[in-house]
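In: output the structure for:
(chains A and B)
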Amino acid sequence: MPHVEVLPTSTSIKAPGWALVPDTAIQSPAQQTSGRKRAARSLGLAGGDTTVRQQNAILKHLADLDKDSHRDVQIPVPKDNGKVSKKTTQNVRRILMSQKTFTNHLADEEAAVAQQHHGATSAATLRTPAIKPTKSVPNLKRGTTSENQSTSGPQTEAISASAPPVAKDPLENDPLLRTYVPSAPSIEVMDALLSAPPLSYNAARTAPPPVGKPQRQFCEICGYWGTTKCMKCGVRVCSLECKGAHDDGRCLKYYG
Amino acid sequence: MPRPAKPPERVLPDQTLIIDNGGFTMKAGFAKSSPTLDDCHTIPNCLARDRGRHVWVGSQLEKCNDFGEITFRRPVEKGFLVNWEAEKAIWDNAFLDKGAKLACDPHTTNLILTEAPNTPVALQKNCDEIVFEEYEFASYSRIISPSLNAYNDIQSLYGTPSRLSAIPALPAECLLVIDSGFSHSTVTPLFKGRPIQQAIRRLSIGGKFLTNYLKELVSIRHYNMLDETHLMNEVKEAICFVSDDFKRDLERTWKGASASRKKGLNGDREIVVDYVLPDYNAHKQGFVRPHDPSHGAKIRKMGSLAGAGDTIEDYMTLGNERFTVPELLFNPGDVGMQEEGLPGTVLQSLSAVPTGLWPAMLANILVVGGNSKIEGFMTRLETEIRQLAPAECVVRIARAPDPIKSTWLGGAHLAADHTALKAIQVTRQEYQEHGSGWVGKAFSGAVQR
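Out: The predicted structure is shown next:
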């Protein structure tokens, strides 16, 4: 890599914080391959569903699946002429006339949360564990390991003391056979937890699964494992037969 | 001017109406001293318009017999009561009209109304104002729906002796409610009947999502069903099951699979079925039958041999749709949704609960909501929670006897105990005195009453 240096000339101004830096980043494979079309394809299709366009398509698909009907329907409330209209209060009129959808309400709530968070950093509606697990929480993952024994000593003794006495077994004190159950939380802890305010709508959404498991892909036509991608649009198909069906009506893109 | 030290003794009327206001149906009924499931009425919570542009409101839909291309307007959106204009029409029809099964005078009735967890505050306020200013109920409480389940007799579901009938309204001490309904699925840990709000988690997949997914698959593979949401819901309820071995079942339904492979190794029944579509003109219901690959069936379908006595029937052959659709509850990633499946959601919820309560929560899991009626759902859920849970903890999981009406029944048990009811209700007088802001605080427990 040749060394690039900006030589001071009469016109160049030394601005603090700016410098010409040679671009030494590794070239992406798309730039290395020869052939314009192949490069364009491999950008979007090689690494899975990563492009912005495909992400947007997935989000739109999910939003469609969550709708009541695939078309917008307007069903007016049938008028009941026989009923005498009761005098209503201002609040009731406002609520009944409201055309707000849940999306509007959600946006309002998010704005309120953001404002509250801006004002006071201790916004309780954000998802922060209100109760930090007590200092010696045993590692409650599969199986007991020897490291648990050192961390949860005093707690298990508290439990075993309160447990009803059972017939003494010679193996009871065997460290390999002991179970480690953490003690129940105190009343104060539970009171604090029960009086904590509810989370906001978005904070209560379940988190994505831990990384590691790749997304399963299915054939668009028959639902079997989608082993192959359509070269044009990136949709998965399983066989030539399904590829034919896909090309006949469902592949609408000419370029990747 | 000093105010009187003690407020006057509140008197509640005897009649209590319990409404579990769900996205698909509303479960409503009056409390009795020993309530049963028969006291609960299931009313479709929607306005529907059929092909003839006639609009059906709520329970009127029972009289409708042409569900072709029917469209719905639902006041409950994503599980939350949003549109009061439509909801008022349905409530008026159900509770105020003369001749309605649940007709009542709100001035002499207590109301227990459920809401979904994590409802935005603005919607809660709207709800309080409508109940007191429009309907003028004598007293009212708004409770998140899973917590009412704690008042049911939970222990008998796990095969342990049921509790004493002398103390009816004492809620279960620790209970983890999985509510998989029409709009979404929620996981709510309850401690002595009160929700641990910080630990409530929601998976955005519910029955509606599954129906729409099935509709989409069928529309690609068989007939265009995009306008037939009602029919696809019936198909879903008739055919779907949760697979206990997804890979094996997918191989078995592969179109190229040999006959022996389709049957499975130990002679299981075949997965592929035919669903015969309903004929609304002839008032015929749709039904499921085993797949008939013969030539005659195909001919009948095409209608080429349909003479005078022959019947033309339309059917569709469903294979892997039967289990890939409910599979979304366990693997939302199959449609690209960035959320963890239901068993993982349970564990995420537990992670916000002190570890000391984990054994009690995992040993008392109750499943409610219509999705739990899908065949194989409970075994799969139990297997996966067992795999994820700590090895020391016992996992006990039960489905309510009627998963749809269970929440209502819990509310009815609560209302049967008059002192317990008095502790949670807000009277109309209190509302007029303190306003809706105070009522909201009272229901969230921030105000001492």
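In: give me the pLDDT value at A:K253.
Out: The model reports A:K253 with a pLDDT of 65.
In: check B:G207 too.
Out: 92.
In: three-state assignment of the closest residue to it other than its chain neighbours?
Out: Nearest-residue entry for B:G207: B:F182, 4.5 Å, with adjacent residues in sequence omitted and distances by CB to CB, 6 or more residues apart in numbering or on different chains. Quick note: C-beta positions are derived from backbone N, CA and C, even for glycine. Assigned by DSSP: H, G, I helix; E, B strand; the rest coil, the conformation of B:F182 is coil.
In: B:F182 and B:I424, how far apart?
Out: As judged by CB to CB, to the nearest Å, B:F182 and B:I424 stand 26 Å apart.
In: compare those two (neighbour count), which wins?
Out: It is B:F182, of B:F182 and B:I424, that has more neighbours when counted by other CB atoms under 10 Å in any protein chain shown, with 23 against 18.
In: how much space separates the more buried one from chain A?
Out: 10 Å (CB to the nearest CB, to the nearest Å).
In: for that residue, what are phi and psi?
Out: B:F182 has phi and psi values of phi -70, psi -40 when expressed as degrees, to the nearest 10.
In: check B:G369 too.
Out: The phi/psi pair for B:G369 (degrees, to the nearest 10) reads phi 100, psi 150.
In: list the contacts for the residue nearest to B:G207?
Out: B:22-24, B:79, B:206-208, B:370 (CB atoms under 8 Å, 6 or more residues apart in numbering or on different chains).
In: the strand or helix carrying B:L175 - which strands sit beside it in the sheet, and in what orientation?
Out: B:L175 belongs to strand B:174-180 when assigned by DSSP states H and E. Within its sheet, and counting by DSSP bridges, strand B:174-180 is paired with strand B:185-191 (antiparallel), strand B:365-368 (parallel).
In: I'd like those laid out as CSV, including mean pLDDT and mean neighbour count.
Out: Listed next are those as CSV, based on pLDDT from 0 to 100; neighbours: other CB atoms under 10 Å in any protein chain shown:
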stretch, mean pLDDT, mean neighbour count
strand B:185-191, 93, 26
strand B:365-368, 93, 26
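In: residue contacts, B:L350?
Out: Going by CB under 8 Å, 6+ apart, B:L350 touches B:176, B:189, B:199, B:358, B:361-362.
In: I figured A:G226 hits A:R236, correct?
Out: Yes: if you go by CB atoms under 8 Å, A:G226 and A:R236 touch, sitting 2.7 Å apart.
In: between those two, which contacts overlap?
Out: Common contact partners of A:G226 and A:R236 (CB under 8 Å, 6+ apart): A:217-220.
In: give me the subset of those residues touching chain B.
Out: For chain B, the contacts drawn from the shared contacts of A:G226 and A:R236 by CB under 8 Å from any CB of the partner chain are A:218, A:220.
In: buried subset of the shared contacts of A:G226 and A:R236?
Out: With burial judged by 16 or more other CB atoms under 10 Å in any protein chain shown, the buried subset of the shared contacts of A:G226 and A:R236 is A:217-220.
In: let me know the closest of those residues to B:I239.
Out: A:F218 (18.4 Å; CB to CB).
In: and the strands paired with strand B:174-180 as TSV, adding distance to B:L318?
Out: Shown next, in TSV, are the strands paired with strand B:174-180 (distance: least, CB to CB, whole Å):
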stretch	distance to B:L318
strand B:185-191	24
strand B:365-368	26
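In: show me the one of those strands that comes nearest A:F102.
Out: Distance to A:F102, taken as CB to CB, is lowest for strand B:185-191 among these, at 15.9 Å.
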